[in-house]
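Q: got a sequence here, can you model it:
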Amino acid sequence: MKNYTITVNGVAYDVTVEEGGAGSAPARAAAPAPAAAPAPAAKPAAAAAAGGIEVKASVPGKVFKVEASVGQAVKAGDSIVILEAMKMEIPVVAPEDGTVASINVGVGDAVESGDLLASLN
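A: Okay, the predicted model is just below:
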């Protein structure tokens with residue numbers, strides 16, 4: 001048996017997994033373990049350092065195309081990333097004029113609504 005501590009939504013769980021063949025029992029979760037304060041998310045801090053204007057996904061989907069590059073000047077309404085959702089291509093545009101400070105996704109990445117795609121200065 002192997003013991004693991006898994007954190008889900010800031011709650012730590014101690015999990016014991018039995019090793020074995022096809023007839024072995026499934027893994028079982030123990031009671032939540034006391035958890036330390038969750039670590040701060042790295043992406044928002046990095047985004048704030050990279051650029052002050054955040055460009056976020058408006059819908060969950062898959063990155064179909066990255067149209068801007070770091071250092072490129074963009075105007076409000078210029079397409080930064082194109083998402084594919086429900087068999088539609090949805091452009092994610094610059095909210096205001098600026099320079100692309102970071103691109104935080106790549107083609108093929110799955111994103112959720114509100115995920116940071118890029119940042120502008």
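Q: so the residue lying closest to residue 74 once chain neighbours are set aside versus residue 60, what's the distance?
A: In space, and not counting its chain neighbours, residue 74 is closest to residue 94: 4.4 Å by CB to CB, 6 or more residues apart in numbering. Every residue, glycine included, has its C-beta placed from N, CA and C. When distances are taken as CB to CB, to the nearest Å, residue 94 and residue 60 turn out to be 21 Å apart.
Q: tell me which of these two has more neighbours.
A: Applying other CB atoms under 10 Å to residue 94 and residue 60 shows that residue 94 carries more neighbours, namely 21 against 14.
Q: now the more buried one. Its backbone dihedrals?
A: Main-chain torsions, residue 94, degrees, to the nearest 10: phi -70, psi 130.
Q: ok, now residue 86?
A: Dihedral angles of residue 86 (phi, psi; degrees, to the nearest 10) stand at phi 50, psi 40.
Q: now do residue 68
A: phi -110, psi 160.
Q: what is the neighbour count of it?
A: 21.
Q: swap in the one 10 residues further on?
A: The criterion is other CB under 10 Å. On that basis, residue 78 has 16 neighbouring residues.
Q: need the pLDDT of the residue nearest to residue 74.
A: In the predicted model, residue 94 carries a pLDDT score of 94.
Q: list the contacts of it.
A: Under the criterion of CB atoms under 8 Å, 6 or more residues apart in numbering, the contact list for residue 94 reads 53, 55, 68, 74, 75, 76, 77, 78, 80, 120.
Q: buried residues in the helix or strand hosting residue 63?
A: Of the helices and strands defined by DSSP states H and E, residue 63 is found in strand 61-66. Buried residues in strand 61-66, counting neighbours by 16 or more other CB atoms under 10 Å, are found at 61, 63, 64, 66.
Q: report the strands that pair with that strand, each with its relative direction.
A: Here strand 61-66 has these sheet partners by DSSP bridges: strand 79-85 (antiparallel), strand 110-111 (antiparallel).
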